[in-house]
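# Using only what follows, build the 3D model:
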Amino acid sequence: LGRWQEAIKEFEAFALLTDSAEQHPVLADCFRALRRWDDVERIWDELREISPSAALVSEGRLVMAGSLADRGELPKAIALLAKGFKVPSRPQDHHLRRMYALADLYERAGDLSRARSLFRDVATIDPDFVDVVDRVRALG
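Modelled structure (predicted):
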């Protein structure tokens, strides 16, 4: 609905009341929508520090990488998502989300070979994931 400021208040209240970072990625995404880059980075730093779960940290990483891409810093966004990542033997949804986002960034940066390869990996694991089959077809 675009009511980012109102959402921020609610997510910050949630974090205070529950002492939980469970909604930090969504909070960071609200800050991202408002182009409040320092706040996105602050939330990402908090999330990394407490490292609540692999899925939550991964989601925060996606928001932070998106924030970097929004600012035209594609190499930094790619580095953030690529750092230390390899496809696990039993990929979960957060792995697929990271692979898909990284492939998208590679495509945007003009590295079509890497984008194609990652999109294909996602399609092999889950052909129904978002629009991955269409993305593979588009890249040939």
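# Apart from its neighbours in sequence, what residue is nearest the residue positioned nearest the centre of the chain?
In the chain, the residue lying closest to the centroid (C-alpha atoms, centre = their mean) is Leu62, at 1.4 Å. Distances taken as C-beta to C-beta, 6 or more residues apart in numbering put Ala101 closest to Leu62, at 5.3 Å, once the chain neighbours are dropped. To be clear about C-beta, it is placed using only N, CA and C from the backbone, and glycine gets the same treatment.
# Go ahead and confirm the one you found touches Ile78.
No. Ala101 lies out of contact with Ile78 (C-beta atoms under 8 Å); the separation is 9.9 Å.
# Which neighbours do those two have in common?
Ala65 (C-beta atoms under 8 Å, 6 or more residues apart in numbering).
# mind listing what the spatially most distant residue from the centre of the chain touches?
In terms of distance from the mean C-alpha position of the chain, Leu17 ranks first, at 25.7 Å (C-alpha atoms, centre = their mean). Counting by C-beta under 8 Å, 6+ apart, Leu17 touches no other residue.
# Which of the helices or strands spans it?
In this assignment (DSSP states H and E), Leu17 forms part of helix 4-18.
# next helix or strand past that helix?
helix 24-33.
# just the helices in this protein please.
4-18, 24-33, 37-50, 54-70, 74-82, 93-109, 112-125, 132-139 (DSSP state H).
# any idea how far Glu49 is from the residue nearest to Leu62?
22 Å (C-beta to C-beta, to the nearest Å).
# What of Leu81?
On the measure of C-beta to C-beta, Leu81 and Glu49 end up 19 Å apart.
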